[in-house]
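K.L.:
Got a sequence here, can you model it:
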Amino acid sequence: MSLRQTAAYNSLLSFITSQPEREGHHQMAEAAGNVYSEAEQPGAPPAGDTELRQPVGQDGNIQEGMDFLGPNPEYDEEEEERKYYRRKRLAVVKNVVAASVAGMITYSIYMGLLQMQLILHYDETYREVKYGSLGLEDIDNKMLMGINVTPIISLLYTPVLIRFLGTKWMMFLASGIYALFVSTNYWERYYTLVPSAVAIGVAIVPLWASLGNYITRMAQQYYEFVNYKDEHVQEQKKAPKGASHRYVIIFQSVFFILFHLSLVFAEFPMVLFLNHYLHDYNHTLHNVKTCGAESHGMIVGLNKTVLKTLPPSLSLIQVESVLMGAAFLSMIIFLTLCGAAYRPAEEIDLRSIGWGNIFQLPFKHLRDYRLRLLCPFFIYSGFETLFAVSGLILSYGVCSMGMENLWALVVAYGLSSSLCSSLSLLLLRLPRPVPLLAGGAVHLVVLVGLMCWSPIPRDLTLLPLMLALTVVWGLGSALNKTGLSTLLGMLYEDKERLDFVYTIYHWCQAIAIFIVYLWSGLPMRAKIAILLATLITAGLCYWLMERRLAKNVPFRLPRIPRPRHKVKGYRYLEEDDSDESESEKSEEEEDEAGGASEDEAIGERISLDSNSSTGCGVRGRRRRKRREDAYEQAGGAGEYVHTQ
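P.N.:
Here you go, the predicted model:
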């Protein structure tokens, strides 16, 4: 028998033997009404169909072998959601710590290098031997002018820079400018030092505005990730008033606790390197006659030679290389560890309001009486920061105990500011005005005492008293800085972008720093009198602001234009804003949303009755105008909230 005949015989035999079984299966399927009952019966498949055989379970049920296609009984959706938002919260904490550490490193390098540079360039022997007729003293004056004068115009370009680059990339770029300043010290010339100092002045206000906005934004995100189950969070609506205050207070305190350590690390080059080359106080203060309240300028009569021996050039290069490496480290931290504050679509949406409007918005924010009444406190904050170094530490401390004790006073001030920044956590339990007014009261007492005290030059017994004064001043500075940043985050909690507000804050500080730069030759009592007058004015204005808020006095809000979505390179729908969420709508928009469908129906009836395009055009213009007015102007005490 041939192979083909054998195969045909086997197929016929299989068909005959399976025919009764198939008929039984057909009857059962008709009885049960289930066309799949044949697959559920045990039995061997026809010959030649082994490749189509389905996996069966132990009970002969094919469905048991296909359980992997259905939902996993071990999967807990609620638990997975909880783990997801826990990772989100940890990422926010990582962002806050990374931004704080990177900012601390950046300012440690800047202040440490600037201090070492000014001391070396002050020494007459160092200038003549190393640079001859280069004129380092004149270069230093131009450099300080660039650092102190340039920030005056920062109000004009800071919002534009932040909108163009974004918050995270603005911080990264600013840290790169500080690294550029470090690199120019390898080749100290007019065309390297002065332009880098001007660049530092340009970057100061954008860096601080970005940091303040970034920390506050992280607090708002943390609140959303903690309360992700709340209805207003899921629907992207405005949070209840004061909802994120707790996290704003905590995150701002953490930032300043870490940042104020920059004053400590800035003294490492002084302690580990430069102090070994300094003369003692008997030589440097030999011609100094007056200190403290009776002095004029900084330290009148300070010796022109403060170095015993000139530091080797190779040692200077090594110190600057270490600082350069730390500058690159801060840039890497900003770039890799700090997450974005806003989604790209939100950044694009804000840029589309127009660069001219972005330029005008800081001035429009000054219409708000809250910011106007806080401006004296902003200015005092700049005064007290510079006075702590140029007045208290130099004119009182170094003038009486010598330059070799400069590092001890600065370290005491930095440690005190860092530790006392944690006192701002008292805002979680105490009323809002307490920390800010308490810091002002501490400074008021110290300033009155300094007005009446003139320490004796070359008296080392004053070291404990000077350390105590710097610690107390650091307490007031910590309450002032942390209190102001926290206050802005609390007052403008409805605004998702605070860079306009923080720009005004740090611009006022820049104005104060410029004034301190101009008054360097005034008598010390005149400087203290200006500080006292500013502090008292700031306290009264702040009290007036809190009183108005308690009486629910409405404040004037800036008119923010509607984003123009016709941006080159992007496809937006003119009527349907794809990137707009519920949180972007103002109160007027929400009130009018209920009547939108009714207006639309009326417009359609008008259009059908008139059978012309005139009614449709009028309706469209009226609806567009109503939408734009609701977007541009918020009503009552609520503010328009942009996304970014």
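K.L.:
V194: how many residues sit nearby?
P.N.:
With neighbours defined by other CB atoms under 10 Å, the count for V194 comes to 19. Yep, even glycine has a C-beta here, placed from its N, CA and C like the rest.
K.L.:
Please report the distance of it from D138.
P.N.:
Separation of V194 from D138 (CB to CB, to the nearest Å): 10 Å.
K.L.:
List the contacts of the closest residue to S315 other than its chain neighbours.
P.N.:
Using CB to CB, 6 or more residues apart in numbering and skipping residues adjacent in sequence, the residue nearest S315 is F273, 6.9 Å away. Applying CB atoms under 8 Å, 6 or more residues apart in numbering, we find F273 in contact with 116, 311, 315, 319.
K.L.:
from these, which is closest to Y281?
P.N.:
Comparing those against Y281 with CB to CB places M116 closest, at 18.9 Å.
K.L.:
That closest one is in contact with P269, isn't it?
P.N.:
Yes. The criterion here is CB atoms under 8 Å, and M116 meets it with P269 at 5.0 Å.
K.L.:
so what sits against both of the two?
P.N.:
V319.
K.L.:
from the contacts of F273, which two are the most distant?
P.N.:
Within these, M116 and S315 form the most distant pair, 11.6 Å apart (CB to CB).
K.L.:
Those two: which is more packed in?
P.N.:
With neighbours defined as other CB under 10 Å, M116 and S315 compare such that M116 has more, 22 against 13.
K.L.:
give me phi/psi at the more buried one?
P.N.:
Dihedral angles of M116 (phi, psi; degrees, to the nearest 10) stand at phi -60, psi -40.
K.L.:
Quick check: it vs R556, distance?
P.N.:
Counting by CB to CB - M116 and R556 are separated by 48 Å.
K.L.:
Show me the shaky parts of the stretch 251-400 of the chain.
P.N.:
Residue ranges of the stretch 251-400 of the chain with pLDDT under 70: 344-356.
K.L.:
can you give me the helices for the stretch 451-600 of the chain?
P.N.:
463-491, 499-518, 524-550, 587-593, 596-610 (DSSP state H, counting those that start in this stretch).
K.L.:
and those helices as JSON lines, adding mean pLDDT and distance to Y157?
P.N.:
Below are the helices of the stretch 451-600 of the chain laid out as JSON lines (pLDDT from 0 to 100; distance: least, CB to CB, whole Å):
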{"stretch": "helix 463-491", "mean pLDDT": "93", "distance to Y157": "21"}
{"stretch": "helix 499-518", "mean pLDDT": "90", "distance to Y157": "10"}
{"stretch": "helix 524-550", "mean pLDDT": "94", "distance to Y157": "27"}
{"stretch": "helix 587-593", "mean pLDDT": "47", "distance to Y157": "31"}
{"stretch": "helix 596-610", "mean pLDDT": "45", "distance to Y157": "39"}
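K.L.:
Can you lay out the ones you listed as TSV showing mean neighbour count and distance to S416?
P.N.:
Formatted as TSV, the helices of the stretch 451-600 of the chain follow (neighbours: other CB atoms under 10 Å; distance: least, CB to CB, whole Å):
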stretch	mean neighbour count	distance to S416
helix 463-491	22	3
helix 499-518	22	20
helix 524-550	17	19
helix 587-593	16	45
helix 596-610	12	58
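K.L.:
Let me have those helices in a markdown table, adding distance to M451 as columns.
P.N.:
Listed next are those as a markdown table, based on distance: least, CB to CB, whole Å:
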| stretch | distance to M451 |
| --- | --- |
| helix 463-491 | 13 |
| helix 499-518 | 17 |
| helix 524-550 | 5 |
| helix 587-593 | 50 |
| helix 596-610 | 64 |
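K.L.:
what's the closest of the ones you listed to Q360?
P.N.:
Per CB to CB, nearest to Q360 of the helices of the stretch 451-600 of the chain: helix 499-518, 10.4 Å.
K.L.:
between that closest one and helix 524-550, how big is the angle?
P.N.:
160 degrees (axes from the mean of the first three to the mean of the last three CA atoms, to 10 degrees).
K.L.:
What is helix 499-518 packed up against?
P.N.:
With contacts taken as 3 or more CB pairs under 8 Å, 6 or more residues apart in numbering; DSSP states H and E, helix 499-518 sits against helix 136-149, helix 154-165, helix 190-226, helix 355-365, helix 369-387, helix 463-491.
K.L.:
May I have it as PDB, with CA atoms only?
P.N.:
Extracted in PDB, the C-alpha atoms of helix 499-518 (Å, rounded to 0.1, in the frame of the first residue of the first chain):
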ATOM      1  CA  ASP A 499       8.600  85.000  39.400                       C
ATOM      2  CA  PHE A 500       7.000  88.400  38.900                       C
ATOM      3  CA  VAL A 501       6.500  88.800  42.700                       C
ATOM      4  CA  TYR A 502      10.000  87.500  43.600                       C
ATOM      5  CA  THR A 503      11.500  89.700  40.900                       C
ATOM      6  CA  ILE A 504      10.100  92.800  42.600                       C
ATOM      7  CA  TYR A 505      11.400  91.500  46.000                       C
ATOM      8  CA  HIS A 506      15.000  91.000  44.800                       C
ATOM      9  CA  TRP A 507      15.000  94.100  42.700                       C
ATOM     10  CA  CYS A 508      14.200  96.100  45.800                       C
ATOM     11  CA  GLN A 509      17.100  94.300  47.500                       C
ATOM     12  CA  ALA A 510      19.400  95.300  44.500                       C
ATOM     13  CA  ILE A 511      18.400  98.900  44.900                       C
ATOM     14  CA  ALA A 512      19.300  98.700  48.600                       C
ATOM     15  CA  ILE A 513      22.700  97.100  47.800                       C
ATOM     16  CA  PHE A 514      23.400  99.900  45.300                       C
ATOM     17  CA  ILE A 515      22.600 102.500  48.000                       C
ATOM     18  CA  VAL A 516      25.000 100.700  50.500                       C
ATOM     19  CA  TYR A 517      27.600 100.800  47.700                       C
ATOM     20  CA  LEU A 518      27.100 104.600  47.400                       C
END
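K.L.:
Send me the one helix or strand Q318 maps to as CSV with only the CA atoms.
P.N.:
Using DSSP states H and E, Q318 falls within helix 313-332. C-alpha atoms of helix 313-332 as CSV (Å, rounded to 0.1, in the frame of the first residue of the first chain):
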residue,chain,number,x,y,z
SER,A,313,51.2,81.4,42.1
LEU,A,314,50.9,77.6,41.9
SER,A,315,49.0,77.6,45.2
LEU,A,316,46.6,80.2,44.0
ILE,A,317,45.9,78.2,40.9
GLN,A,318,45.3,75.1,43.0
VAL,A,319,42.7,77.0,45.2
GLU,A,320,41.0,78.4,42.1
SER,A,321,40.9,75.0,40.5
VAL,A,322,39.1,73.6,43.5
LEU,A,323,36.6,76.4,43.4
MET,A,324,36.2,75.9,39.7
GLY,A,325,35.4,72.2,40.3
ALA,A,326,32.8,73.2,42.9
ALA,A,327,31.2,75.6,40.5
PHE,A,328,30.9,72.8,37.9
LEU,A,329,29.4,70.6,40.6
SER,A,330,26.7,73.2,41.3
MET,A,331,25.9,73.4,37.6
ILE,A,332,25.6,69.6,37.4
